[in-house]
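[1] Here is the input, now give the coordinates:
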Amino acid sequence: LDHNLMENKKEDHNSVIVEEDDLVNAILQLKEEKDPGEKSRDSFALSEKEEDGTSSECSSTGDNQDINLCHSNSNQNSFPQSSNNNSNNKSNNVKRLHHPQFISNSCQSSNGFHTTTEFPKTATPHRDKRKEQEKDDDNNDDDDSDNEGEFSEKTSLLQPRHGRNRTSIRRFTSDGKVVEEDFHTIEREKEKQRGQMKAIWVFVGILVLAVIAVSLLASQQAKRASEYSNRRAAYMCGLENDQLHPFDVPTHLYRDIRTRLELTFETHHPGNNTLFYLQGADVQTHFFSDSELPFWQESNFRYVSGGYERPGAAWLVCGIAFSLQQQPNANNANMTCYLFVDKPTLQDAIWSGKSLSLLELRDMYHVDHIYWKDDIATHISPLLQSLNVSVVDTLEDEDDLIITLPPALNHLQRRTSLLRSTLGYSRGIKTPTELLLLEQAAEVGTIAHNYIMRTSKDAQTEYQVESSFVASNTACGLKQQSYLPIVGSGPRAGTLHYNTNHSPIEANWLLVDAGGTYHGYGTDITRTWPPSGSFSTLQRTVYSIVLQAQEASLEVFVSNNTWVNVTRVADRALLQGLMQANLIVNGTFDALIQTNITSVFMPHSLGHHLGLDVHDYVPGGLGKCRPSEDPTEGYICPGRLEVNMVVTCEPGVYFIPALLDQAYNTPAIAKYLNKPLIQQYLDEGIGGVRIEDVVVVTNTAPHILSRGIPKSIKEIEEYIL
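    Just a heads-up that it's a prediction; the model follows:
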C-alpha cells in the first residue's frame, strides 16, 4: 500500500512539472504578444539558462511581493547573461516563474528601460520544498511496518494542489482510495455547512424562546383556569334535585310538617283538642326612617305555615282535633290550618308590584285554607265550633313581636306556657323534606367555605373574605345568612361572636364561622386555617387538640346518647390534648377532670340544634351544657340525641385574655395553667381555634352534612397550596 501511494505521488509530481513547463511557454507567448521586441531577448535568456544551467540575479522582497527576473552582464548594456552558480537551470527557471501572488519579469535593456510582465496568480509552492517533500516521502518508503500507522496518519491529511492558494486537494478515504476534490467546492460545502449550523442554532434559539413563551402562557392559563374553576365551583349550588328551587317552596314541606305536629301534640297533649294562634312578622324599618330592614319571618310561623316568608303580620290559626275513638299506633290527631293575609291595596301595587291572588298563594304554600284578614270571622267560626275550646295557645310576647289576637279570637283565654315547648319538640326531629333543605344549605355552605379557604391567601381584609362567602351563597339563591358571618383573624379568632369583620388579616390565622339559609333552613359551619397554607408549630399544636376532640365526640353522636355524655367525651379529649401540649400542668388527669378547667379554654357548649333558627329551641337540648360565666359550674343539659336531629359539633380552644385573667385569679385553677406558654400563643396572635360541622343523628354513625370541607392539617395545606 505504501509503495502504491508513493508511486501515485511521484506521478502526480511529474504531472505538476509538465503543467509548469506549459505555463512557462504560456508566459513567453504572452510576453511576445505584449512586446514583440522583447521576444529575442527573452528566448535567448531562457535558452541560455537551459544550456548553461545558470540563472540570472534576482531581487525579491518576499513571497508576497513581485519577483523580477533580471538579465544582466558585466557592463549591463548587453543581453542578459546566465549565472554559473546554479546547474539546475531549467527547474530553477521554472521555480522563479511561479509566485503565490503574481509573476513579474523586469529586465533592464541596453537603453536603460525596463519591461515588466504580470501574470495571473498560481498556487504551486517552490520546487525546492517539493523536492524536500519527495525526499522525505522516499525515505518513508524504507520504513518497516512499525511506521505504517504514522504513514497512514500523515498521508490521510489533506494534500495541497497548485501551491498555497490551492485549487484542489487530495485526501485518502478510510478504504485507501485517493479522492481529489476541488478546493472551491469544499469551501462552498463548508460555507453551506456553516450556514446550516447557523440556521440550526437560530432554530434552537427560537425553539427555546418558544418553549419559554409557551410555558409562561400555560402557567398564566392554568392560573386563570384555577380562578375560573374556583368561581365556577362557588356557583355550582350544591345538590341536583328537581324538587328543589331556591324560590319555590317544596310541595311536601307543609304536608310533612303537619304530620309531625299531629304526632307531637298527640304525644304531649293526648286527647285534648287544641287551638293555637301564630302571628307573622312585619316589615321593620330603621329608627325614625322609612328605610326597610331585611325581612326575617318568625321561625315558628314559617314552620307551621309550610314556608310562608312574606311580610304583613299574617295570621295563622290552627286547630288540632282528636278522634273520639283512640286507636293504638295510629295518628289520632288531625290538624287544620287557616292562613289570613292582608288584601292588597293600590299603594301595595305602586310600591311593591302586583300582589298574588288567594289561589296563587294557596298553590305556592299548600296550606289548607287561605283567606283575606277581613273575612276571618266568616271562615273561622266553623273551626271554633268543631273544636269547642275556650283557650287559645300563643307564644310569649317579645320586644320585636307583640302578639295581638284577631278580633274573632278575643273571646278566648290566651295561654303562653304550652305552645313553644310543643313546637320545640316537633322542630327538634326533622322531616324528610326538612332534611333535604338542610342538606342543600350545607352543600352550598361547603362550596362557599372551600372557595374562601382557597382564595383567602389573596385577601387583605376580613370583609373581603366575608364578601366572597356571601356572594357564593347569593349566587345560589341563598339570599339570607343564618347569622352574621364571623370572620376573625389573628387574636380576633378568640372572640366567639366577632362579626364586625373590618380588620386586616394578620398573624396568618383566620377563623370563619358562617352559613346561609335555604327556604329558611340554615347551616352553621366553622373552619380555622392559616391563609398562607402552612401551619406554624404553635398553630399546628392547638389545632390538633381541637381536631382530636371533635373526632372523639363525633364517634358518640348516635341516638339515645345523652348530651351530658357527649359533652364529657369532648371534655376529656380536650383535657388530654391540653396536658400533652403542656398548657395545663402540675396535676393528674383524674384530678384535673374534676375541676372543669377545660372551660377556661372552651367557654361554650359542644353544639346546638339547627333548623329554621341557627340555635333551634329544643327543650332539654344543648343550650347550657357549658356556661361561660363560671368555669366551675357543671353541666345543665338533660336531653338525648334522637334519630333525624340535626345538631352541630363545634369544640374549640381559645386564648381569651379576660377569661385567662379570671382563671389566673382563681387559685383552684391558676396553679394548673402554664402561663408562660399560654403567653407565647397570645404573642403569636393565635386567638383561638374552632372546628364546626353539621351532623344528622342516626342509629349508627353520624351523617356529617359539611364533610366536603378540608379539615385535617394535611388536607388544608394541600388544598390551599
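[2] Look at the residue lying closest to Gln279 once chain neighbours are set aside and report its pLDDT.
    Leaving aside its sequence neighbours, Gln279 sits nearest to Ile403 (Cβ to Cβ, 6 or more residues apart in numbering; 5.5 Å). Every C-beta, even on glycine, is put in place using the N, C-alpha and C of the backbone. For Ile403, the pLDDT comes out at 91.
[3] Identify the residues contacting Ile403.
    By Cβ atoms under 8 Å, 6 or more residues apart in numbering, the contact set of Ile403 is Tyr277, Gln279, Thr394, Leu395, Glu396, Asp397, Arg414.
[4] Asn332 contacts Glu266, doesn't it?
    Yes: contact criterion Cβ atoms under 8 Å: Asn332 and Glu266 qualify, at 6.0 Å.
[5] lowest-confidence helix or strand of the chain?
    Between all helices and strands in the chain, the lowest mean by mean pLDDT, DSSP states H and E belongs to strand 67-69, at a mean of 38.
[6] And the strands in the stretch 601-721 of the chain?
    Assigned by DSSP state E, counting those that start in this stretch, the strands in the stretch 601-721 of the chain fall at 646-649, 652-654, 688-690, 693-696, 703-704.
[7] could these be laid out in JSON lines, adding mean pLDDT and mean neighbour count?
    Output for the strands of the stretch 601-721 of the chain, formatted as JSON lines (pLDDT from 0 to 100; neighbours: other Cβ atoms under 10 Å):
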{"stretch": "strand 646-649", "mean pLDDT": "96", "mean neighbour count": "25"}
{"stretch": "strand 652-654", "mean pLDDT": "98", "mean neighbour count": "26"}
{"stretch": "strand 688-690", "mean pLDDT": "98", "mean neighbour count": "25"}
{"stretch": "strand 693-696", "mean pLDDT": "97", "mean neighbour count": "24"}
{"stretch": "strand 703-704", "mean pLDDT": "96", "mean neighbour count": "16"}
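[8] Out of these, which is closest to Trp509?
    Among the strands of the stretch 601-721 of the chain, the nearest to Trp509 by Cβ to Cβ is strand 688-690 (8.8 Å).
[9] I'd like to know which elements that closest one is packed against.
    strand 510-514, strand 525-529, helix 537-554, strand 652-654 (3 or more Cβ pairs under 8 Å, 6 or more residues apart in numbering; DSSP states H and E).
[10] Can you list the neighbours in contact with it?
    Among residues not part of strand 688-690, those counted as contacts by Cβ under 8 Å, 6+ apart are 493-494, 511, 513, 526, 528, 542-543, 545-546, 650-656.
[11] If any of the contacts of Ile403 are buried, put those into a PyMOL selection.
    Buried residues among the contacts of Ile403 (16 or more other Cβ atoms under 10 Å), as a PyMOL selection:
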select buried, resi 277+279+394+395
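[12] and the contacts of Ile403 as JSON lines, adding distance to Trp315?
    Converted to JSON lines, those look like this (distance: Cβ to Cβ, whole Å):
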{"residue": "Tyr277", "distance to Trp315": "7"}
{"residue": "Gln279", "distance to Trp315": "6"}
{"residue": "Thr394", "distance to Trp315": "11"}
{"residue": "Leu395", "distance to Trp315": "13"}
{"residue": "Glu396", "distance to Trp315": "18"}
{"residue": "Asp397", "distance to Trp315": "16"}
{"residue": "Arg414", "distance to Trp315": "14"}
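[13] Any chance of TSV for the contacts of Ile403, columns secondary structure?
    As requested, the contacts of Ile403 are exported to TSV (DSSP: H, G, I helix; E, B strand; the rest coil):
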residue	secondary structure
Tyr277	strand
Gln279	strand
Thr394	coil
Leu395	coil
Glu396	coil
Asp397	coil
Arg414	strand
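[14] Closest one to Tyr672 out of the contacts of Ile403, please.
    Scanning the contacts of Ile403 for proximity to Tyr672, where the rule is Cβ to Cβ, the winner is Glu396, at 43.0 Å.
[15] surely that closest one meets Arg420?
    Yes: using Cβ under 8 Å, Glu396 makes contact with Arg420 at a distance of 7.1 Å.
[16] Around Ala459, how many other residues sit close by?
    For Ala459, the neighbour count with other Cβ atoms under 10 Å is 20.
[17] what's the burial count for the closest residue in space to it that isn't next to it in sequence?
    Once flanking residues are discounted, Ala459 sits nearest to Val465: 5.0 Å by Cβ to Cβ, 6+ apart. Using other Cβ under 10 Å, Val465 has 25 other residues around it.
[18] Surely Val465 is in a strand?
    No: with three-state DSSP as the criterion, Val465 is located in helix rather than a strand.
[19] ok, now which ones touch it?
    Ile452, Ser456, Ala459, Val487, Asn501, Ile505, Leu510, Val512.
[20] confidence score at Val249?
    86.
[21] going forward can the numbers begin at 55, since that is how I track them
    Done: numbering now begins at 55, and the last item shifts to Val303.
[22] list the contacts for it?
    Contacts of Val303 by Cβ under 8 Å, 6+ apart are Gly360, Gly361, Met418, Tyr419, His420, His573.
[23] Save the residues you listed as JSON lines, and put in pLDDT, distance to Val232 and secondary structure too.
    What follows is those, written out as JSON lines (pLDDT from 0 to 100; distance: Cβ to Cβ, whole Å; DSSP: H, G, I helix; E, B strand; the rest coil):
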{"residue": "Gly360", "pLDDT": "87", "distance to Val232": "109", "secondary structure": "coil"}
{"residue": "Gly361", "pLDDT": "88", "distance to Val232": "105", "secondary structure": "coil"}
{"residue": "Met418", "pLDDT": "85", "distance to Val232": "106", "secondary structure": "helix"}
{"residue": "Tyr419", "pLDDT": "87", "distance to Val232": "109", "secondary structure": "helix"}
{"residue": "His420", "pLDDT": "86", "distance to Val232": "108", "secondary structure": "coil"}
{"residue": "His573", "pLDDT": "93", "distance to Val232": "100", "secondary structure": "coil"}
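[24] which two of the residues you listed lie the greatest distance from each other?
    Greatest spacing in those, by Cβ to Cβ: His420 and His573 (12.9 Å).
[25] which of the two has more neighbours?
    More neighbours surround His573 than the other of His420 and His573, with 27 against 19 (other Cβ under 10 Å).
[26] for the record, mean pLDDT for the longest helix along the chain?
    Across the chain, the helix with the greatest residue count (assigned by DSSP state H) is helix 237-288. Regarding helix 237-288, the rounded mean pLDDT is 81.
[27] Mind listing residues that contact the one helix or strand Glu414 maps to?
    Secondary structure assignment for Glu414, by DSSP states H and E: helix 412-419. Contacts of helix 412-419 from elsewhere in the structure, counted by Cβ under 8 Å, 6+ apart, are 302-303, 308, 359-362, 393, 395, 410, 424-426.
[28] quick one: which of the residues you listed is nearest Gln648?
    Closest to Gln648, out of all of the contacts of helix 412-419 and judged by Cβ to Cβ, is Gly361, at 48.1 Å.
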